[in-house]
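# sharing a model prediction with you, sequence too.
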Amino acid sequence: MRKFFSNEIVLGTMIAVLSVFTAFVSYQGSMADSEQNKYEILGMQQLNDGNAEYLRASQDITQDYNYFDNWYLNVDERPEIAEYYQENFSEALSAAFERSQGVWDEQYYDEMYTEAYEYWNQSDANFDLASQYDERGDQLQLVMLIAALGLAFVAWASLLSADSNMRMFFAILGVIALVGGVVVYILMVPAVSV
């Protein structure tokens, strides 16, 4: 066992494997961070667009209130003026006007705010994806730390003399770190469902 862990080829192979594994995990961590940023920015854009759309819809609703009030005030005495206001109703108000529940029902408001709700739903979905990528990136950082420690142990082992007890000890710690890193990578790094 001592000869195996003291062998230059074994130590060189472990350095190479740990280096490649560390680089691979680091790259995946960078990609996860990049995707997290992308989805956070998309989420913020859609949240802002949803807020703007909500304000626009609120202005349209206020306009509908004004048109409806003016229609109501003129419908009996000046029907031609009332007709002008009725022609300017939004599609949602025109549809609500035909329903029996009353003009300002829940369906009217849902129709007016539909686009804002859609933006907000998309925003929530993107923030959720960003959170998943954040969790993935955090776990990949842990794997990278473990692999880098293993790489450091094996590198130190390769610098010590072949008959040194510390050489074997550092080499074993490197193997433990490699195995631990792979186990953490397989079991703890979550996949992101897009």
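Nice, I can see it.
# so where's the protein shaky on pLDDT?
Applying pLDDT under 70 to the chain picks out no residues at all.
# which elements pack onto the helix or strand where residue 3 lies?
If you go by DSSP states H and E, residue 3 is part of helix 2-6. Under the contact criterion of 3 or more C-beta pairs under 8 Å, 6 or more residues apart in numbering; DSSP states H and E, helix 2-6 touches helix 165-188. The way it works is simple: take the backbone N, C-alpha and C, and place the C-beta from them, glycine included.
# how far does the helix it packs on sit from its chain's centre?
Centroid displacement of helix 165-188 relative to its chain, using C-alpha atoms, centre = their mean, to the nearest Å, is 32 Å.
# got a list of contacts for that helix?
Helix 165-188 is contacted by residues 1-2, 5-6, 10-11, 14, 17-18, 21, 25, 139-140, 142-143, 146-147, 149-151, 153-154, 156-158, 160-161 when judged by C-beta atoms under 8 Å, 6 or more residues apart in numbering.
# which residues touch the helix holding residue 3?
10-11, 157, 162-163, 167-168, 171-172, 175.
# for that helix, buried residues please.
By 16 or more other C-beta atoms under 10 Å, the buried positions in helix 2-6 come out as 5-6.
# next helix or strand past that helix?
As assigned by DSSP H and E, the chain's next helix or strand after helix 2-6 is helix 8-74.
# check which element follows that next one along the chain.
Helix 8-74 is succeeded, C-terminally, by helix 79-87 (DSSP H and E).
# the helix or strand just after that following helix to helix 79-87, inter-axis angle?
Sequence-wise, the next helix or strand downstream of helix 79-87 (DSSP H and E) is helix 91-98. Computed by axes from the mean of the first three to the mean of the last three C-alpha atoms, to 10 degrees, the angle separating helix 91-98 from helix 79-87 equals 120 degrees.
# packing partners for helix 91-98?
helix 8-74, helix 106-112.
# redo the ones you listed as JSON lines? Include distance to residue 126 and mean neighbour count.
JSON lines is the format used below for the helices and strands packed on helix 91-98 (distance: least, C-beta to C-beta, whole Å; neighbours: other C-beta atoms under 10 Å):
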{"stretch": "helix 8-74", "distance to residue 126": "4", "mean neighbour count": "16"}
{"stretch": "helix 106-112", "distance to residue 126": "23", "mean neighbour count": "15"}
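# any chance of those helices in a markdown table, with distance to residue 88 too?
Converted to a markdown table, the helices and strands packed on helix 91-98 look like this (distance: least, C-beta to C-beta, whole Å):
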| stretch | distance to residue 88 |
| --- | --- |
| helix 8-74 | 5 |
| helix 106-112 | 15 |
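# phi and psi next, for the residue of the chain positioned farthest from its centre.
Within the chain, the residue lying farthest from the chain centre (C-alpha atoms, centre = their mean) is residue 77, at 58.1 Å. Reported as degrees, to the nearest 10, the phi and psi values for residue 77 are phi -90, psi -30.
# what do you get for residue 76?
Dihedral angles (degrees, to the nearest 10) for residue 76: phi -90, psi -40.
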